[in-house]
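Trainee: Predicted model and sequence follow; I will ask about them next.
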Amino acid sequence: MDVLEKIGDQVKSNPVVIYMKGTPQFPQCGFSMRAAAALSDCGVPFAYVNVLQDPEIYENLPRYADWPTFPQIYIDGELVGGCDITLELHASGELKEMMEQAASKAEAAGA
Amino acid sequence: MSRKERIEELLQEGFAPVHLDIVDESYMHAVPTDAESHFKLLVVSESFEGIAMVERHRLVNQLLDEEFAQGLHALTMHTWTPEEWEAKGGVPESPPCLGGSQTA
């Protein structure tokens, strides 16, 4: 599988996934830390990919979504944005709603 | 011309913002103080009206394509219409660096 297919598979098979530097427990970038904390705060499970552990994804993710920076947050297969947008959505309460909807959609599809 | 000046010129041309703040935050990160690698932007422009947030950020990123290719590493941004800017009235502080930009 080529790397863009692999990324496509990850964002489509997980209701919520964050591509970040480090992990939610041990973030290695302040922006990744804040975005992951906002997702955690919503109380809906999410997947993460540590781009520092995967040079191929690190190099190719920017062209997958035409987005040059990390972190990148995908909900229901779509790029939501980076840290700034995620924090804005969290502050307005929309993030939790979007995550819950994506999670129940995935559950319904899997049932 | 510094990167900050180039960014300012590009954003002025691209969005004709009514309010524009560009802060070089490289000093907050694990890079030389003159690296011009980390920036914070506030762009308030009528041209964002009716455009989704993710697309607004994409427009800014695309406009600064060449700067990313030449060492711009991080961009934290707020892209608001004048009405949104008025309703919010401020920009949050950026987070501290945790060193990850040196790992890969």
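Mentor: On my side now, so go ahead. Numbering: from 1, shown residues only, chains lettered A, B, ... in the order given.
Trainee: Identify each buried residue in the longest helix along chain B, please.
Mentor: Counting by DSSP state H, the longest helix found in chain B is helix B:3-15. For helix B:3-15, a neighbour-count test (16 or more other C-beta atoms under 10 Å in any protein chain shown) marks B:3, B:6-8, B:10-11, B:14-15 as buried. (C-beta placed from N, C-alpha, C; glycine too.)
Trainee: likewise stretch A:31-45?
Mentor: A:31-36, A:38-39, A:42, A:44.
Trainee: Enumerate the residues of chain B near chain A.
Mentor: Applying C-beta under 8 Å from any C-beta of the partner chain, we find that chain B lies next to chain A at B:53-54, B:57-58, B:61-62, B:65, B:68, B:73-78, B:92, B:94-101, B:103-104.
Trainee: check contacts around the closest residue to B:P32 other than its chain neighbours.
Mentor: Nearest residue to B:P32, sequence neighbours excluded (C-beta to C-beta, 6 or more residues apart in numbering or on different chains): B:S26, at 7.8 Å. Contacts for B:S26 were tallied using C-beta atoms under 8 Å, 6 or more residues apart in numbering or on different chains; they are B:32-39.
Trainee: Which helix or strand contains the residue sitting nearest the centre point of chain A?
Mentor: The residue lying closest to the centre of chain A (C-alpha atoms, centre = their mean) is A:I18, at 2.1 Å. According to DSSP states H and E, A:I18 maps onto strand A:16-20.
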